[in-house]
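Q: Let me see the structure of the following:
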Amino acid sequence: MSEESTIHVPVMPDEVVAQLALSPGAIVIDGTLGGGGHTQLFADLVGAEGRVIGLDRDPEAVERTAAKLAGLANVSCVHANYADAPEVIDELGIDAVDGILLDLGLSSDQLADDSRGFSFHADGPLDLRFDPTRGEPASRLISRLSAEHLADIIYQYGEERFSRRIARKVVETRRDHPIETAAELADLVRRVVPRSKNHRIDPATRTFQALRIAVNDELRNLELALERLPSMLAPGGRLAIISFHSLEDRMVKRAFRGHELLDVLTKKPLEASVAEQSVNPRSRSAKLRVAERPQTDPTGED
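A: Numbers count the residues shown, from 1 in each chain. This next block holds a predicted model:
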């Protein structure tokens, strides 16, 4: 894939735009830059007087999207974790922002890159890191964990009821040879997990989800972001988060309801339209929740 190409399609663009309600001159953060689809929409909305800061842990995504959006003077692309957004805007000399979007999960570009291991339909290395320059690849993780620890990860992060069966098979297999490719792990899981009646979902899906979450420490990063991002919002500013599985959605729901700086705007999560789901299958599991920092703080002061 070339630096300037992307196959990623932004999820729920109309709903995101409507819910963030950005005005010309606004400052907004796209905390999960990806292919830059949402970022480009924001740049058009806020205009030349506004500013869009796109963050991503994936250095390839930042490089590719920065090249794609190079003609937009109001866009900055930064290699950073969205949980570190407060430090990023501080370095940029920004006091507060009017909107923040997190579109959690994978981009189509990452899935299409066989060298990353996100797609278990390709025989690429079992890596699963958003930032390949940091941390431990999934192949190394599963080579050293005990069966009990591995089963716990697959169960807790993947909600996979056959987690112990999978973990035992991984340990048994690695005694003979290391599991180094995505395809090999996927085949292993398929051999021990019965295929569900819903044939649209591959039996390996939950295991790969769990390992990806563990390798990237995704839930901890989301927890940190939910604690830190609300204080970045200007009065009337909005935080929108699109999640793709129940663990994330529950965290967002609880954090929004429990944060003293936020008023919940979506009592139930918004979902993609039937029309969008038909052309973008990734949107089928998407849930959008939005909260706003009120014009007055909890003490009643302006």
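Q: and stretch 85-97, how far from the chain's centre?
A: Remark: stretch 85-97 is offset 21 Å from the chain centroid, using C-alpha atoms, centre = their mean, to the nearest Å.
Q: Using PDB, write out every CA atom in that stretch.
A: C-alpha atoms of stretch 85-97 as PDB (Å, rounded to 0.1, in the frame of the first residue of the first chain):
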ATOM      1  CA  ALA A  85      -4.000  14.100  23.900                       C
ATOM      2  CA  PRO A  86      -3.700  16.600  26.900                       C
ATOM      3  CA  GLU A  87       0.100  16.600  26.400                       C
ATOM      4  CA  VAL A  88      -0.300  17.000  22.600                       C
ATOM      5  CA  ILE A  89      -2.500  20.100  22.800                       C
ATOM      6  CA  ASP A  90      -0.400  21.600  25.500                       C
ATOM      7  CA  GLU A  91       2.700  21.300  23.200                       C
ATOM      8  CA  LEU A  92       0.600  22.900  20.400                       C
ATOM      9  CA  GLY A  93      -0.300  25.800  22.700                       C
ATOM     10  CA  ILE A  94      -4.000  25.000  22.800                       C
ATOM     11  CA  ASP A  95      -6.000  25.500  26.000                       C
ATOM     12  CA  ALA A  96      -9.200  23.600  25.200                       C
ATOM     13  CA  VAL A  97     -11.000  22.000  22.300                       C
END
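Q: which residue ranges form the strands in the stretch 1-150 of the chain?
A: 27-30, 51-56, 75-79, 97-103 (DSSP state E, counting those that start in this stretch).
Q: Quick one: those as a markdown table, columns for mean neighbour count and distance to D217 too.
A: The way it works is simple: take the backbone N, C-alpha and C, and place the C-beta from them, glycine included. Below are these laid out as a markdown table (neighbours: other C-beta atoms under 10 Å; distance: least, C-beta to C-beta, whole Å):
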| stretch | mean neighbour count | distance to D217 |
| --- | --- | --- |
| strand 27-30 | 28 | 20 |
| strand 51-56 | 26 | 16 |
| strand 75-79 | 20 | 17 |
| strand 97-103 | 25 | 15 |
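Q: What ranges does this structure have for its helices?
A: Here the chain has its helices, by DSSP state H, at 13-20, 37-46, 59-68, 85-91, 108-112, 138-144, 147-158, 163-174, 182-192, 205-216, 218-228, 246-258, 274-279.
Q: Which one of those helices lies nearest to D30?
A: Closest approach to D30 among the helices of the chain (C-beta to C-beta): helix 37-46, 4.5 Å.
Q: G31: what's it in contact with?
A: L55, Y82, A85, I100, L101, L102, A225, L229 (C-beta atoms under 8 Å, 6 or more residues apart in numbering).
Q: could these be laid out in JSON lines, adding pLDDT and distance to G237?
A: Formatted as JSON lines, the contacts of G31 follow (pLDDT from 0 to 100; distance: C-beta to C-beta, whole Å):
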{"residue": "L55", "pLDDT": "97", "distance to G237": "17"}
{"residue": "Y82", "pLDDT": "97", "distance to G237": "16"}
{"residue": "A85", "pLDDT": "98", "distance to G237": "13"}
{"residue": "I100", "pLDDT": "98", "distance to G237": "8"}
{"residue": "L101", "pLDDT": "98", "distance to G237": "12"}
{"residue": "L102", "pLDDT": "97", "distance to G237": "14"}
{"residue": "A225", "pLDDT": "97", "distance to G237": "15"}
{"residue": "L229", "pLDDT": "98", "distance to G237": "10"}
